[in-house]
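Participant: What follows is a predicted protein model with its sequence.
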Amino acid sequence: MGLASLGFGGAARATTGYGTPQPVLGKPARSTVLFFLCGGASHIDMWDMKPEAPLEYRGEFKPMRTTGDDIVLCEHLPLLSKQAHRFAMVHGVTDGGRATGDHHAGYYYNLTGHAPDLTFKQQGNDRRPQPDDWPYMGSVVAMKRPPHESLPSLITLPHKPSKPPFTRPGQFAGRIGMEHDPFFLNGRFEEPLKFAAPTISMAGGMSAARMADRRALLGALNDARRELDHEMAVQNYGKQQERAFDLLSSSSTADAFDIESEPLKLRERYGQDINGMSLLMARRMVEAGVPFITVFWKEDESLAKKCKSAGGWDTHGNNFNCLRENLLPQFDRCLSAFLEDLAARGLLDETLVMVTSEMGRMPKVGDRRSGGASGAGRDHWTACMSVLMAGAGIRGGRVIGGTDARAEYPKDRPIYPEDITKTVYYAMGVSDLEAHDRLGRAYNLLEDGRALTEMFG
């Protein structure tokens with residue numbers, strides 16, 4: 001715990017003791033949907049544009065006015081520009097020098113609100129998730145909010161970044177116990193309408209009676225295992241098993257996951273690809289009352305060579321063509337549809353929507369790893385990024401924070417990932433951040449940070 005609290009430098013931040021109550025929104029949100037753009041989305045090319053900067057910084061794209069008074073977007077986000085009155089932008093979100101520039105550290109900091117510990121600096125992208133990691137913000141919400149009557153309180157789809165053994169830290173419950181881990185729904189490019197929940201899928205020929213027999217057998221095995229040294233881990237695994245069995249026995253589970261029942265016209269509005277259908281599934285989960293849903297942008301490996309990346313937002317090469325031809329059109333369509341759909345159903349006011357990433361992109365074009373200026377790529381940039389937030393009482397059309405003339409650093413007021421995490425807790429009505437370790441000692445789940453309460457009202 002002490003090691004996990006160490007940083008790599010940066011300015012002092014406000015902290016609170018575990019007994020100090022946190023501010024809470026007057027009418028807390030019912031759900032949060034966190035849309036994470038895997039790879040590191042380019043803030044300067046999307047929504048923190050600098051048209052007066054030199055060409056090697058501002059790049060090829062032109063800014064476009066929107067329905068939000070203060071918001072300017074990239075010309076390749078025309079559908080989202082019509083929804084800008086519904087969301088606010090937070091610019092100048094920075095790691096303050098506390099991260100490493102690697103993806104693992106970026107995930108961890110932006111998903112937990114905790115600066116990466118020294119192991120991230122030592123191991124880089126080889127650093128694996130660990131049982132004593134600080135918990136994902138969604139796991140904290142799932143732990144603190146009343147459980148859903150029939151569905152998991154925390155659902156992640158359509159994948160678990162990244163491929164083993166390089167699974168990204170920060171997306172799990174860590175030290176608060178695996179019973180608060182996300183429930184995963186897997187999606188595939190080939191069949192974007194079909195989502196599988198491996199932990200609750202019945203194999204062929206599995207009947208309800210056989211499932212009951214299996215449950216009894218698992219119970220007997222776990223009783224025997226409790227004599228082993230790892231009793232706590234066994235108990236946690238047992239809780240995961242119970243959750244899976246409960247879901248299988250629930251008549252509402254299959255209906256909640258049945259995305260094919262949605263009208264064709266609506267599916268087409270979202271875009272019938274895996275990322276569009278993942279957001280449509282998230283809307284179904286919001287309707288069902290699931291407290292926290294995470295959608296991780298699924299990377300298209302067919303773009304890896306073109307973009308010098310894993311096929312997502314990590315545009316080390318050919319940045320402008322990858323954004324213009326592939327990433328931005330799909331993102332524009334699905335996110336605008338999601339906001340429009342939530343608003344039309346009267347769900348946006350009670351749902352916090354957040355779009356974030358593990359980092360921004362280097363404002364100066366020319367990643368040396370992809371040929372420098374001729375490669376037209378942008379490298380990692382953790383000193384500055386942007387976060388979109390909507391719903392749950394947030395006043396749309398506004399900009400919080402700002403960056404310098406080249407979008408390299410915060411201009412006046414640095415905003416940190418812990419501030420964003422505290423804002424999520426504020427919106428979700430989570431004021432009690434006290435937890436207890438295995439010895440029963442109390443500690444604060446997130447001491448640093450201050451909720452951006454000025455966004456609401």
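Facilitator: The structure has been received and is ready for your questions. Just so it is clear, the model here is predicted, and its values are computed rather than measured.

Participant: what ranges of this structure fall below the confidence cut-off?
Facilitator: 1-21, 198-254 (pLDDT under 70).

Participant: change it to 90
Facilitator: Along the chain, segments meeting pLDDT under 90 span 1-26, 149-151, 162-166, 195-258, 438, 457.

Participant: Show me how the record splits it into domains.
Facilitator: Domain assignment for the chain, taken from automatic domain parsing, gives 3-194+264-455, 198-256.

Participant: Without its sequence neighbours, what residue ends up closest to Met64?
Facilitator: Sequence neighbours aside, Glu75 is the residue nearest to Met64 in space, at 4.7 Å (criterion: Cβ to Cβ, 6 or more residues apart in numbering). Placement of C-beta: from N, CA and C, glycine included.

Participant: rewinding a little: which one of the domains of the chain has the most crowded surroundings?
Facilitator: Neighbour counts (mean count of other Cβ atoms under 10 Å) averaged over each of the domains of the chain peak at domain 3-194+264-455, with a mean of 20.

Participant: Can you give me every residue that contacts the residue nearest to Met64?
Facilitator: Taking Cβ atoms under 8 Å, 6 or more residues apart in numbering as the contact definition, Glu75 lies against 61-64.

Participant: from those, which single one is nearest Asp448?
Facilitator: Checking those against Asp448 by Cβ to Cβ gives Pro63 as the nearest, at 33.8 Å.

Participant: and Trp381, what are its bridge partners?
Facilitator: Gly360 (DSSP bridges).

Participant: pretty sure it is touching Gly360, no?
Facilitator: Yes - counting by Cβ atoms under 8 Å, Trp381 touches Gly360, with 4.6 Å between them.

Participant: Now, the contacts of Glu75 that are in helices?
Facilitator: Using DSSP state H, no member of those sits in helices.

Participant: okay, those in a markdown table with distance to Thr421 next?
Facilitator: Putting the contacts of Glu75 into a markdown table (distance: Cβ to Cβ, whole Å) gives the following:
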| residue | distance to Thr421 |
| --- | --- |
| Phe61 | 30 |
| Lys62 | 34 |
| Pro63 | 30 |
| Met64 | 30 |
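
Participant: Which residues are in contact with the closest residue to Arg368 other than its chain neighbours?
Facilitator: In this structure, Arg368 finds its nearest non-sequential neighbour in Asp379, 7.5 Å apart by Cβ to Cβ, 6+ apart. Neighbouring residues of Asp379 by Cβ under 8 Å, 6+ apart: 316, 361-362, 367-369.

Participant: mind checking the end-to-end distance for stretch 72-88?
Facilitator: Using Cα to Cα, to the nearest Å, the end-to-end distance of stretch 72-88 comes to 11 Å.

Participant: Likewise for stretch 158-176?
Facilitator: 24 Å.

Participant: roughly how far is it from the heart of the chain?
Facilitator: Between the centre of stretch 158-176 and the centre of its chain there are 12 Å (Cα atoms, centre = their mean, to the nearest Å).

Participant: again with stretch 34-48
Facilitator: 12 Å.

Participant: gap between the residue nearest to Arg368 and Met362?
Facilitator: Counting by Cβ to Cβ, to the nearest Å, the gap from Asp379 to Met362 is 4 Å.

Participant: May I have the beta-bridge partners of the residue lying closest to Val355 once chain neighbours are set aside?
Facilitator: Nearest in space to Val355, with sequence neighbours left out and distances taken as Cβ to Cβ, 6+ apart, is Leu388 at 4.0 Å. For Leu388, the beta-bridge partners are Met89, Val355 (DSSP bridges).

Participant: Could you double-check that Leu388 lies in contact with Phe87?
Facilitator: Yes - using Cβ under 8 Å, Leu388 makes contact with Phe87 at a distance of 5.4 Å.

Participant: who touches both of these two?
Facilitator: With Cβ under 8 Å, 6+ apart as the test, Leu388 and Phe87 both reach Val353.

Participant: so which strand or helix has His104?
Facilitator: For His104, the element it lies in under DSSP states H and E is helix 103-112.

Participant: Tell me the gap between that helix and the middle of its chain.
Facilitator: With Cα atoms, centre = their mean as the basis, the mean position of helix 103-112 lies at 10 Å from the chain mean.

Participant: Give the next helix or strand downstream of it.
Facilitator: The helix or strand immediately downstream of helix 103-112 is helix 118-123, counting by DSSP H and E.

Participant: centre of the chain versus that following helix, how much separation?
Facilitator: For helix 118-123, the distance to the chain centre is 22 Å (Cα atoms, centre = their mean).

Participant: who touches the helix or strand just after that helix?
Facilitator: Following helix 118-123 in sequence order, the next helix or strand is helix 137-144 (DSSP H and E). Helix 137-144 is touched from outside by 32, 34, 111-113, 135, 152-154, 156, 172-174, 176, 180-182, 291-292, 294, 421, 424-425, 428, 430, 432-433, 435, 445-446, with contacts defined as Cβ under 8 Å, 6+ apart.

Participant: how far is helix 137-144 from where the chain is centred?
Facilitator: In terms of Cα atoms, centre = their mean, the centre of helix 137-144 is found 13 Å from the chain centre.

Participant: What of stretch 36-49?
Facilitator: 14 Å.

Participant: same check, this time on stretch 382-402
Facilitator: How far stretch 382-402 lies from its chain's middle: 15 Å, per Cα atoms, centre = their mean.

Participant: isn't Ala256 right up against Ala288?
Facilitator: Yes - assessed by Cβ under 8 Å, Ala256 is found in contact with Ala288 at 4.9 Å.

Participant: Now do the shared contacts for those two.
Facilitator: The contact sets of Ala256 and Ala288 overlap at Leu151 (Cβ under 8 Å, 6+ apart).

Participant: residue contacts, Met46?
Facilitator: Here Met46 is in contact with 73-74, 77, 323, 328, 386 (Cβ under 8 Å, 6+ apart).
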